[in-house]
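**Q** dropping a prediction and its sequence here:
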Amino acid sequence: EKQQECVRCHADCASCEGPGFDDCDVCRNSKAVRYNGECLAHCPMNAYYDKTINECRANFSFSVFTLCLFPSDSTCVKECPVGYYAEDKDERVCERCHFSCKSCVGSHSVQCTTCKPGFFRQGSSCVETCSESHFGNTITMVCEHCDPSCSQCWGHGNRKCLSCRGDYLYLSHWGQCLKSCPPNYYHDSWSKNCHRCHPTCKTCSGKENMSWLISVICCCFFPTVFLYDTHQTDRMETAILLVDRKLSYKNLRTCIRTCLLLWP
């Protein structure tokens with residue numbers, strides 16, 4: 001009578017039907033996949049991974065599985081997962097989207113269909129910062145148009161401008177872009193901003209070559225601001241700063257002399 005003998009399984013097998021490397025019933029490594037009794041790191045080219053039984057199957061039907069996630073783990077799927085797109089329908093390969101896209105139709109940043117968190121949708125692109133004349137709506141996460149007068153803005157409407165288009169002037173106090181400055185403001189031609197006049201001024205000009213006019217107008221309409229104590233230098237210097245920080249002490253003296261001649 002023939003004696004029966006127990007033989008050790010192959011090192012790759014947790015259980016087996018024989019001693020060979022392709023006799024495994026269960027793989028020792030939990031991350032391995034089984035194909036024809038062999039424990040492999042991933043399925044071979046001519047096979048797909050069946051998650052239900054943790055095995056590779058050969059000769060699969062494309063009528064059931066039409067796309068393959070390749071080459072990461074050779075898993076075949078009915079459609080590419082989120083973050084991937086079908087690169088070539090003939091080769092049936094899923095490729096990763098651009099890093100800014102949550103879903104896409106191609107690998108480029110302008111082929112996104114939805115965006116990852118932290119990105120705004122602008123057309124078919126996903127961007128961290130919206131382009132000029134647009135702002136990022138943090139509720140819809142979509143880039144939306146600014147008011148036509150704004151080149152940059154932080155929201156809807158004509159009082160949320162950050163900078164202006166073309167020949168508009170910027171009134172930062174109101175966040176507006178205007179065709180001309182309102183009363184009590186002057187136009188700074190260098191910065192294209194509207195700045196508030198000094199409180200002592202009835203009218204003012206922001207042009208640099210007309211700074212002396214600001215002083216003349218101010219001291220003529222409000223002479224007591226400058227003439228209440230002309231003998232104390234520190235007060236005179238304070239008055240200089242109140243009118244225009246660019247004025248010199250000599251200019252102010254000229255202004256005062258002019259006012260004394262003009263004042264009735």
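**A** Perfect, I can see it now. Numbers count the residues shown, from 1 in each chain.
**Q** quick one: average confidence on stretch 21-38?
**A** Taken as a whole, stretch 21-38 has a mean pLDDT of 90.
**Q** what's in contact with it?
**A** For stretch 21-38, contacts defined as CB atoms under 8 Å, 6 or more residues apart in numbering pick out 9-17, 20, 39-44, 47, 49, 54-56, 58. Every residue, glycine included, has its C-beta placed from N, CA and C.
**Q** now the buried members of the residues you listed.
**A** 9-10, 12-13, 16, 39-40, 42-43, 47, 49, 55-56 (16 or more other CB atoms under 10 Å).
**Q** out of the residues you listed, which are inside strands?
**A** 13, 16, 39-40, 47, 49, 55-56 (DSSP state E).
**Q** so where's the chain shaky on pLDDT?
**A** 1-3, 59-75, 88-92, 202, 206-264 (pLDDT under 70).
**Q** mind listing the helices for it?
**A** 211-221, 224-227, 233-243, 249-262 (DSSP state H).
**Q** mind putting the ones in strands among the buried ones among the contacts of stretch 21-38 in a markdown table, distance to Met141 included?
**A** As requested, those are exported to a markdown table (distance: CB to CB, whole Å):
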| residue | distance to Met141 |
| --- | --- |
| Cys13 | 51 |
| Cys16 | 54 |
| Cys39 | 46 |
| Leu40 | 43 |
| Ala47 | 41 |
| Tyr49 | 35 |
| Glu55 | 42 |
| Cys56 | 41 |
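**Q** out of those, who's nearest Gln4?
**A** Using CB to CB, Cys16 is the member of those that sits closest to Gln4, with 16.1 Å.
**Q** list the buried ones in stretch 132-147?
**A** Those would be 133-136, 141, 143, 146-147, for stretch 132-147 by 16+ other CB under 10 Å.
**Q** again but with stretch 151-168, I slipped
**A** For stretch 151-168, by 16+ other CB under 10 Å, it's 151-153, 155, 158, 160-161, 163-165, 168.
**Q** in strands, which of those residues fall?
**A** 151-153, 161, 163-164.
**Q** and the two most separated of those?
**A** The distance between the two most remote of those (CB to CB) is 9.9 Å, for Cys153 and Cys164.
**Q** and Gly155, what does it touch?
**A** Gly155 touches Phe135, counting by CB under 8 Å, 6+ apart.
**Q** hmm, I typed the wrong one, I wanted Glu132.
**A** Contacts of Glu132 by CB under 8 Å, 6+ apart are 151-152.
**Q** got it, and Trp174?
**A** Counting by CB under 8 Å, 6+ apart, Trp174 touches Arg159.
**Q** Ala58 now?
**A** Ala58 makes contacts with 35-36, 46-47, as judged by CB under 8 Å, 6+ apart.
**Q** what does Lys116 give?
**A** Lys116 makes contacts with 99-102, 126, as judged by CB under 8 Å, 6+ apart.
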